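# what's the 3D shape of this:
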Amino acid sequence: MKRKEALKYIEKNLKVGSSRKKLFSELTSKITFHSDLVQYMTEIPLLSKKEKYKFYNYILLALLMIIFFEKLFFFIQLVSISKTNTIEILPGLILGGWIYFLQPFFVIFLILGVWKYRGPFYKFVVILSAFDSLNQLKNISAFTVNIKTFVMWSIFALPVFVSFIISWYIWKKMFPFMHWGETKKEELISYID
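Numbering: from 1, shown residues only. Now for the predicted structure:
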């Protein structure tokens, strides 16, 4: 059984009321590697936790939408600047412009995963927000010259900082056995019971 099929099967049966223990024993024979099954089981939260953290998830989705529009805005700005200063901006556009092009699409990918309550996507939001936050902090000295530019910087930086905090919180509360590395089968046994 492939990953996508297994996740749909687990989620469908959890909604009906099947226990995780029963699903684990059913899928043990259908999935080749137990480590994959352990990972699949940790990716889908309990229904009670979905309900409990639904409000935070909606806030995170709204923040990700804001971040999407910011990334799109920056890409449009980059394209408009490159049209006026072709000679000066061309090397930077060729080397790093593709990153600005891909960022809005990557954020859409994250929005879809968070909308479906998939565990790994919360980790990706934490990583994206951490890198973006560090990048924002690196640029803060350039915006302290006048209050108007500092306010603009704050408007763009605030959703990134808050999304980092909320995604970390949701990830740790909804997916307690999903680590940065591999989840051990022994750890999952207590989660299944």
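
# mind giving me the domain split of this protein?
When the chain is parsed with automatic domain parsing, its domains come out as 1-45+177-193, 52-174.

# could you give me the average pLDDT of the shortest one?
Yep, that's domain 1-45+177-193 we're talking about. On average, the pLDDT along domain 1-45+177-193 is 73.

# Then stretch 59-75?
The predicted confidence, averaged over stretch 59-75, sits at 88.

# For it, buried residues please.
Residues of stretch 59-75 classed as buried by neighbour count (16 or more other Cβ atoms under 10 Å): 60, 63-64, 66-68, 70-72, 75. All C-beta spots, glycine's among them, are computed from the backbone N, C-alpha and C.

# Save those residues as CSV, and put in secondary structure and distance to T32 too.
Formatted as CSV, these follow (DSSP: H, G, I helix; E, B strand; the rest coil; distance: Cβ to Cβ, whole Å):
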residue, secondary structure, distance to T32
L60, helix, 34
L63, helix, 38
L64, helix, 34
I66, helix, 41
I67, helix, 37
F68, helix, 37
E70, helix, 42
K71, helix, 38
L72, helix, 41
F75, helix, 41
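
# Which parts of the chain are strands?
Counting by DSSP state E, one finds no strands in the chain.

# how about L23, what does it touch?
9-10, 13-14, 41 (Cβ atoms under 8 Å, 6 or more residues apart in numbering).

# which of these has the most neighbours?
M41 (23 neighbours; other Cβ atoms under 10 Å).

# Please tell me how far that one sits from K54.
21 Å (Cβ to Cβ, to the nearest Å).

# And for T28?
31 Å.

# Please apply the same query to I10.
Distance from I10 to K54, by Cβ to Cβ: 20 Å.

# and R20, how many neighbours?
If you count neighbours by other Cβ under 10 Å, R20 ends up with 17.

# That one and L14 touch, don't they?
Yes. At 7.3 Å, R20 counts as touching L14 under the criterion of Cβ atoms under 8 Å.

# Which residues are in contact with the residue nearest the centre of the chain?
Nearest residue to the geometric centre of the chain (Cα atoms, centre = their mean): V125, 2.9 Å. V125 makes contacts with 60, 64, 110, 114, 163-164, 167, as judged by Cβ under 8 Å, 6+ apart.

# Give me the distance between it and F74.
Distance from V125 to F74, by Cβ to Cβ: 18 Å.

# Check D36 too.
38 Å.

# before we move on, what about Y58?
Distance, Y58 to F74, by Cβ to Cβ: 25 Å.

# ditto for K30
Taken as Cβ to Cβ, the span from K30 to F74 is 45 Å.

# Just send the buried residues of stretch 59-75 back as a markdown table, with distance to F177 too.
Formatted as a markdown table, these follow (distance: Cβ to Cβ, whole Å):
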| residue | distance to F177 |
| --- | --- |
| L60 | 20 |
| L63 | 25 |
| L64 | 24 |
| I66 | 30 |
| I67 | 28 |
| F68 | 30 |
| E70 | 33 |
| K71 | 32 |
| L72 | 35 |
| F75 | 37 |
